[in-house]
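1. Predicted model follows, preceded by the sequence.
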Amino acid sequence: MTLPLEVKQINKRFKDGETYIDVLQNIDFSIKKGEFVAIVGPSGSGKSTLLSIIGALLTTDDGDVLINGKTVKNLDEGQRSDVRLNDIGFIFQTAELLPYLHAEDQLDLVAKLNKMDKKQRKARAKALLTDVGLEKRRKHYPHQLSGGEKQRVAVARAFMNDPALILADEPTASLDESRSHEIVSLIKQEVKAKSKAAIMVTHDESLLTYCDRVFRMKDHHLIEDK
């Protein structure tokens, strides 16, 4: 069975003058469809570097990442861009919405980049916004939406191109406690309903209850909670 994500013995180091600093060592894990995983650890522990490698934004020094069975390591930048567009949905710390597009068109844009048929784009955007509770806010612009609503648009947008993998980098960083739990519960709901794999990087231990598995970055290694 093809897994949405396989991370195989990743090592990453950065050059600092004449020396190299290890950031990631022997990172090895996989995620199944419908699985929601958290990665936690202190600032500077390598969480964001790992997420960037999985998201085809950084390359590894050793090891490989497979997304839906496809290797990422030897792809050129154009091919990596295609992987990011087709196979991965990103949710950032802030919603990163374009101010001149209403909610439905925020989703339509990413599908248009993917050359999805216009009729299909419109139907899918409407359905996804309905799924996240924004059916009546589809034509509202970012300045007309609350912080929680903006992040709901971002969640829907991440699923727009039907990716195998969702990557959420501190998706509640700009939200209060109540909205944080609301958004992470929503991500879990959509991951399960649509049978996707998802990774959330977070500092908020209270959100881990929503996750199927929890990994911690420690001394450049990724260790799963038991």
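-> Structure's in. What do you need?
2. Which of the three states applies to the spatially most central residue of the chain?
-> For the chain, the residue lying nearest the average C-alpha position, counting by CA atoms, centre = their mean, turns out to be residue 167 (1.3 Å). In terms of secondary structure, residue 167 is strand; the call rests on DSSP: H, G, I helix; E, B strand; the rest coil.
3. ditto for residue 129
-> On the three-state scheme (three-state DSSP), residue 129 is labelled helix.
4. returning to that earlier point: the residue nearest to the centre of the chain touches residue 84, doesn't it?
-> No - under the criterion of CB atoms under 8 Å, residue 167 lies out of contact with residue 84, with a separation of 9.7 Å. Where you see a C-beta, it was placed from the backbone N, CA and C, and this is true even at glycine.
5. Please enumerate the shared neighbours of these two.
-> Jointly contacting residue 167 and residue 84 under the rule CB atoms under 8 Å, 6 or more residues apart in numbering are 55, 90.
6. how does this structure divide up, domain by domain?
-> As assigned by automatic domain parsing, the chain contains the domains 1-87+163-226, 98-161.
7. who's in contact with stretch 100-114?
-> Contacting residues not belonging to stretch 100-114 are listed as 85-86, 97-98, 120-122, 124-126, 128-129, 134, 137-141, 145, 153, 156-157, 160-161 [CB under 8 Å, 6+ apart].
8. in that stretch, what's buried?
-> Within stretch 100-114, the residues that qualify as buried are 102-111, counting by 16 or more other CB atoms under 10 Å.
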